[in-house]
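> only geometry, no sequence info:
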């Protein structure tokens, strides 16, 4: 099973190389909502997990935030760095390759906020997600905000494809960990759960939750 989950890195690496505009250039709706909240609360330094091709990373930087972005695909990190330089945002964005199953490469209380779009519903076991949630809390400052999105069990792809255990299913080569509200609550240890907002995205459409947490 570990080999199957590990192989997702190569799958995403290949996908990003073959489809450099896979997600388009416009920021996602949850990124817009998160930026509005971060700005309202005076949050300025952000950690983004799983930046992909950088559409949300660049949006945050253009909005005036200082962003450290992590992705486990080297091609994704290279693409974000190149685009940031081309757009004159190199000073606002630091992109690093990192596997979020490992300890985050930052000191305690380094960031005002953390954001991720569908990173938590990647090929990560429940134990790994609990570890990651605790790591995000560690690097957040007091009252820091953690905003993440996940596909949920109401999605049309849930229960289809190849079952990989723990509500994970492989569809078209991509393993997705589908969430329930109970799973959201399980990962909220050490946080105040501010909201779980359901929304749709894309042509399928995907069914997602946008989860907003505050470090306590």
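Done, it's in. Everything quoted here is computed from the prediction, not taken from an experiment.
> what separates residue 74 from residue 96, distance-wise?
Using C-beta to C-beta, to the nearest Å, one gets 10 Å for the distance from residue 74 to residue 96. Every residue, glycine included, has its C-beta placed from N, CA and C.
> buried stuff in stretch 181-200?
183, 184, 187, 188, 191, 196 (16 or more other C-beta atoms under 10 Å).
> So what touches that stretch?
Contact partners of stretch 181-200, identified using C-beta atoms under 8 Å, 6 or more residues apart in numbering, comprise 29-30, 120, 126, 129-130, 133-134, 137, 146, 150, 152, 154, 167, 206-216.
> List only buried entries from these.
Applying 16+ other C-beta under 10 Å to the contacts of stretch 181-200 flags 30, 120, 129, 133, 137, 146, 150, 152, 167, 206-215 as buried.
> tally of neighbours for residue 59?
Counted with other C-beta atoms under 10 Å, residues neighbouring residue 59 total 19.
> Please name the residues that touch it.
By C-beta under 8 Å, 6+ apart, the contact set of residue 59 is 27, 31, 32, 35.
> Repeat that for residue 140.
Residue 140 makes contact with 109, 111, 112, 113, 114, 146, 215, according to C-beta under 8 Å, 6+ apart.
> Quick check on those: which are buried?
111, 112, 113, 114, 146, 215.
> Identify the farthest-apart pair in the contacts of residue 140.
Farthest apart among the contacts of residue 140 by C-beta to C-beta are 109 and 146. That separation is 13.4 Å.
> So which residues of the protein form helices?
Counting by DSSP state H, the segments of the chain that form helices are 2-6, 8-18, 29-40, 55-62, 74-86, 126-139, 181-186.
> weakest of these in terms of mean pLDDT?
Lowest mean pLDDT within these: helix 8-18, a mean of 61.
> State the distance from the most centrally placed residue in the chain to residue 182.
By C-alpha atoms, centre = their mean, the chain has its centre lying nearest to residue 116, at 2.4 Å. To residue 182, residue 116 is 20 Å away according to C-beta to C-beta.
> Contacts only, for the residue nearest to the centre of the chain.
48, 49, 50, 147, 148, 149.
> Report how many residues lie close to the second one.
Other residues within reach of residue 49 by the criterion other C-beta under 10 Å amount to 24.
> Need the pLDDT of the closest residue to it other than its chain neighbours.
Distances taken as C-beta to C-beta, 6 or more residues apart in numbering place residue 116 nearest to residue 49, at 3.9 Å, with adjacent residues excluded. Note on residue 116: pLDDT of 98.
> Could you give the bridge partners of residue 116?
Bridge pairing for residue 116 (DSSP bridges) gives the partners residue 49, residue 148.
> Nice, that's everything, thank you.
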